[in-house]
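**Student:** Show me how the following folds:
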Amino acid sequence: MAPDPYAPSCGWWAYGKVDLHRFFGLCPAESHRQRLGHQALACVPQPQAWLQGGAPVTPVRATAPGLTMTAIGAVDLQGAGGNWATVGRRSRGGRRVHRQREKRKGKSVGLRIGTLNVGTMTGKGRELADMMERRKVDILCVQETRWKGSKARSIGAGFKLFYYGVDSKRNGVGVVLKVEFVRNVLEVKRVSDRVMSLKLEIEGVMLNVVSGYAPQVGCELEEKERFWSELDEVMESIPTGERVVIGADFNGHVGEGNRGDEEVMGKFGVKERNLEGQVVVDFAKRMDMAVINTYFQKREEHRVTYKSGGRSTQVDYILCRRGNLKEISDCKVVVGESVARQHRMVVCRMTLRVCKKKRSKIEIEKKTKWWKLKKEECCEEFRQKLRQALGGQVVLLDDWETTAEVIRETGRKVLGVSSGRRKEDKETWWWNEEVQDSIQRKRLAKKKWDMDRTEENRQEYKELQHRVKREVSKAKQKAYDELYTRLDTREGEKDLYRLARQRDRDGKDVQQVRVIKDRDGRVLTSEESVQRRWKEYFEELMNEENEREKRVEGVKSVEQKVDKIRKDEVRKALKRMKSGKAVGPDDIPVEVWKCLGEAAVEFLTSLFNRVLESERMPEEWRRSVLVPIFKNKGDVQSCSNYRGIWERVVEARLRKVVEICEQHYGFMPRKSTTDAIFALRILMEKYRDGQRELHCVFVDLEKAYDRVPREELWYCMRKSGVAEKYVRVVQDMYERSRTVVKCAVGQTEEFKVEVGLHQGSALSPFLFAIVMDQLSEEVRQESPWTMMFADDIVICSESREQVEENLERWRFALERRGMKVSRSKTEYMCVKEREGSGTVRLQGEEVKKVQEFKYLGSTVQSNGECGKEVKKRVQAGKSRKKKKKKKKKTKKKKKKKKKKKKKKKKMKLVGASVEDAEDRGEDSRDSICGSPVQLTSEMGEFSSENYPRSMSCSWTITSDSKKVIALWFQDFSLEESDTCGTEAVTLQDEIGIIGKYCGRSKPKPIMSLGSSLKVHFDTNGRYTDKGFKAMYRAVDPNTVTDIVGAGGFLQGDHGELMTPGFPEKNYENGVMYQWKITVPHGENIRLNFTAFDLAPDSCSDFVDVFDGHSDGVSAPILGHFCGNKVPNPVLSSGNEMVVRFKSDSINNAKGFRAVYTVAFTTTTTTRPATSTKPPSTSKPTETRKRIKSRARAPSHGQISDGA
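**Tutor:** I've put the predicted structure just below:
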């Protein structure tokens, strides 16, 4: 290595990326730090002190700022978390003698684990994945997902979300994993919509990740206690030797400082501790956990996890076991992200020390693209190349092993091989550059607003938020329109099934079983132990034979000459073989033989005749691959395709010789499940119509295919008249058969299969039918009293005693020959049951009695009806109909875009539909938009379906003078707008405008203070949304609080009013509450605010106080209040006052509390004591305009009219 001209002249130096401030007690000069960050070159007098893990020493000096740093080695400094560094000594001759520390035994796995309250996952999945990828987060706990359901879902960029929720409007938790950790998931526990956990196995280390969302401050005590008890149960279920990381929004402040709590938290919290924070600390003590956030000294900006309005605090935490705290090297809050509106992501760096394990490298299986043979040009090219490989011959070689190798090699060269990796996530095709740029601009705007909270920055951020939502929606719609169009074609059918399989696979929690338990319940993690356990399990399962009586009598074998296999038999067998199936160990699918045509037929015919003559099958055909699937069943479908064609040829010949009884419907020509279902239903309906009982027992056999004794199989074949030649051929198929288990950690060793029929074999269903036909010869009755479909048996009789006797006869006939009737799955049903009919018993055990049973996929009921089956099919039809409608809508939209808008469509009139005249007092009336609609009934509804463009519609609702109007929206979808200037619904009462509403968020219920309410609807020149549907009702004034949630009518000489939940709970967004205060005549009202805390942003949340209220008379405003400054007292001029509170849909705060008292009139009162009306003003309209203009100012105090 060349000498470094910038190396210091002292004896020892450190070279690389080293945090000098942390490890050596030195912070470089400001200019140096700006140029190099924490990278520096420093001299140390005694490097052995820190090289060998001793105490840090102070460097002599740092190098010049102009030094260019380059890491040239790797030394893991104590606590450095894998930072790069090289330590050496400079001798006089300029040479370096490197002294590197001795490597630690074992290795480490670094993880970045975080937590974030996302507010909602709707529309944020891909953005969240992009943030995790950019911030290099491996595991993220998310809260308040607001997604209903319990499943797993891919969100793009190689991340998968495991979530759980019961309500789409609140709560919900989840955990997001990077793709390389998805296969490490062992278990998912969904406790509630506030607590869930995942167990992962990482290099032999068990890591439990818990996501939690604690109830807010204003929630019920019972709900809080339920959350902490659920979290305690999760912690208690985790073994003490396993790692635990909890990422949660605890909605509490643990506070700054840790006096008395040093064992569970550090001293770098935020602000003061509250009651909820003390609960968090108590939990940590109880479970021996540590609050990671508080152990690392950061700027307050990197400790604050929640920021809204003018408030900033710490409510999101990451916890781990105290014993594993040393594995945490850093923890901080990530700022500058816009995924969540109010919360910030907390991320910690965790290093797991794991033991070295020799992990066999599982090679990605690269498959030949045999599917290309469907194309005629590819098939022709394959035939030509194969002919060249065979030396120009058209006929295949007689040596099948050589021929197979030539076919495989030619296929790889001509058709190519797959990469073995899965294709891109189909769910995020819409994530294009335009959408990414918009989200990047939104993120920068959020960062700008966080740094400088001005109204201009806030408006810019809000505009970009709405724009991103629209662009994401358009991009998704465009991508899915293209997808649906492609899937609607014949070529897209394959993509449809692939997409369905991908969605099904992504929705599963555990995709690969990499860790299993042994017989004693211990978890096995090493690959060797897992493979041994799989082999042990299936070897025992597939070689276990039930007890049976050995046959004493023999059966005469049929010795006869068999004909050679003809070409037409092979052609029929090839024709019956389905394309697109998985290849076997020979890696040659049936598509190859179909492509090769007559040459393949001649080759296979010659090969099969040699097997038939020698009665000896090639050894490779005896090998199969078993793939474990759900419920620990095995699926042996990967057998040699040679053997599959050979079995079909033998099966066709056996069917010509053996005649199966008519009671068997399974795998029989011209019979199917529908025949058996129809026969059973007709029988049940006849007995129901005749008012007679019918008793049915549905018999289930335990592991029917796997438990067929081989000796019984040979006996039944001979007794059925099968020629001995074929018996010996089938025996040869089963002799020395062996299989391997293909699991997530590789393939097991081979083992023999000596009991049962071959799973996945084309011949096995017919062999099983032969066995069942012979074993049931003496006990079965004619159809439909006895019906068999493979191992599904139904026995019917007119009496309970008779069916019980028949069941016992069947049990004896089957179990004496090695088959076993399942006691737990065999079920009994009685049609048209009378009282006291009793139950059926099997060897003293009561058979389960049911009212309905799913027979061959169709639900049959004990009352003989088929209502549930019809309902199921109707539901399935509806889902198909919805898909077709969606496709039709997509096509119509495209046609509308292409056509020019020459003709204006006739729109339906906006009408007011009311209920029957008996309920409402008058008939329903419609009116053309432009003229007002009068609604005078007690209750009703009105809507804007297919609303016209550029027109105004209005409704006036009036009721009895002693009642008020309650109005709520069932549906609401208008054009999005920040100011509601183009398209909006305006509500107005006697005081003035109550509110103006637009967008797609449904407004909260509204209550008028008088007996009338006006609704005005303005439309623009385009209609892209559904409109709205509103309901109204005239109600008693005392029910206001119950319907709206707050507000109402207050009477008496004193009282109190406040926002709901004050001060423990913040008020809701998008609400409007009104209070009407009335005191005795001749007295005035004095309103004092005792507490006042509204969202300070541009007075979007405010309180208006009006002087009096009477129907048909406008009331002047006494004050407009916002911000967090307590307003001055307000005095009315009469005995009535109205207080109105409104909040926007963005921010919220604690709210306000006020008390009112009577202020007796004096001689200076400008209003007569006997008057109940507000004082007249010369220009009330101008006064309101003046007040409105003042309200726009960014003031946080009182705005009054000055009258």
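
**Student:** Okay, now the unreliable bits of the stretch 351-500 of the chain?
**Tutor:** 355-365, 392-400, 419-431, 490-498, 500 (pLDDT under 70).

**Student:** Go again with 50.
**Tutor:** Residues of the stretch 351-500 of the chain meeting the criterion pLDDT under 50: 424-426.

**Student:** can you give me the helices for it?
**Tutor:** Under the criterion DSSP state H, counting those that start in this stretch, the stretch 351-500 of the chain contains helices at 376-389, 400-415, 433-451, 455-487, 493-506.

**Student:** orientation of the fourth one relative to helix 433-451 in degrees?
**Tutor:** Just to be clear, that refers to helix 455-487. For helix 455-487 against helix 433-451, the angle by axes from the mean of the first three to the mean of the last three C-alpha atoms, to 10 degrees is 160 degrees.

**Student:** Could you do the second one as well?
**Tutor:** For the pair helix 400-415 and helix 433-451, the angle between their directions (the same axes, to 10 degrees) equals 70 degrees.

**Student:** Check the offset of helix 400-415 from the chain's centre.
**Tutor:** 44 Å (C-alpha atoms, centre = their mean, to the nearest Å).

**Student:** try the fourth one
**Tutor:** Here helix 455-487 is found 21 Å from its chain centre; the criterion is C-alpha atoms, centre = their mean.

**Student:** Equivalent analysis for the third one, please.
**Tutor:** Centre-to-centre, helix 433-451 and its host chain are 26 Å apart (C-alpha atoms, centre = their mean).

**Student:** so what secondary structure elements neighbour it?
**Tutor:** When contacts are defined as 3 or more C-beta pairs under 8 Å, 6 or more residues apart in numbering; DSSP states H and E, helix 433-451 packs onto helix 125-135, helix 455-487. Quick note: C-beta positions are derived from backbone N, CA and C, even for glycine.

**Student:** Could you pull out the buried residues of it?
**Tutor:** Neighbour counts over helix 433-451 (16 or more other C-beta atoms under 10 Å) mark 435, 438, 439, 441, 442, 443, 445, 446, 448, 449, 450 as buried.

**Student:** ok, back up a step: most tightly surrounded among the helices and strands packed on helix 433-451?
**Tutor:** Across the helices and strands packed on helix 433-451, averaging neighbours per residue (mean count of other C-beta atoms under 10 Å) puts helix 125-135 on top, at a mean of 21.

**Student:** quick one, that helix and helix 455-487 angle?
**Tutor:** Using the same axes, to 10 degrees: helix 125-135 against helix 455-487 is 110 degrees.

**Student:** Other residues contacting helix 125-135?
**Tutor:** By C-beta atoms under 8 Å, 6 or more residues apart in numbering, the residues outside helix 125-135 that reach it are 112, 114, 118, 121, 137, 140, 142, 153, 155-159, 161, 176, 178, 334, 337, 339, 345, 347, 428, 431, 436, 439.

**Student:** C-terminal to that helix, what's the next element?
**Tutor:** Using DSSP states H and E, the helix or strand that follows helix 125-135 towards the C-terminus is strand 139-143.

**Student:** helix or strand right after that following strand?
**Tutor:** Following strand 139-143 toward the C-terminus (DSSP H and E): strand 149-156.

**Student:** Could you pull out the buried residues of that following strand?
**Tutor:** By 16+ other C-beta under 10 Å, the buried positions in strand 149-156 come out as 152, 153, 154, 155, 156.

**Student:** Quick check: closest non-adjacent residue to residue 158.
**Tutor:** If the residues on either side of it in the chain are set aside, residue 158 comes closest to residue 179, at 3.9 Å by C-beta to C-beta, 6 or more residues apart in numbering.

**Student:** With distance to residue 1002 as extra columns, can I get the buried residues of helix 433-451 in TSV?
**Tutor:** Output for these, formatted as TSV (distance: C-beta to C-beta, whole Å):
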residue	distance to residue 1002
435	27
438	26
439	27
441	29
442	25
443	29
445	27
446	26
448	32
449	27
450	30
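
**Student:** Of those residues, which is the nearest to residue 817?
**Tutor:** Nearest to residue 817 out of the buried residues of helix 433-451 is residue 435 (C-beta to C-beta; 66.4 Å).

**Student:** My read is that that closest one contacts residue 471, right?
**Tutor:** Yes - using C-beta atoms under 8 Å, residue 435 is in contact with residue 471, at 5.7 Å.

**Student:** Could you measure from residue 1133 over to residue 1080?
**Tutor:** 15 Å (C-beta to C-beta, to the nearest Å).

**Student:** Neighbour count: those two, which is higher?
**Tutor:** Using other C-beta atoms under 10 Å as the criterion, residue 1133 and residue 1080 rank with residue 1133 on top: 21 against 10.

**Student:** pLDDT value on the more buried one, please?
**Tutor:** Residue 1133 carries a pLDDT value of 88.

**Student:** from memory it sits against residue 1086, does it?
**Tutor:** No - Residue 1133 lies out of contact with residue 1086 (C-beta under 8 Å); the separation is 11.8 Å.
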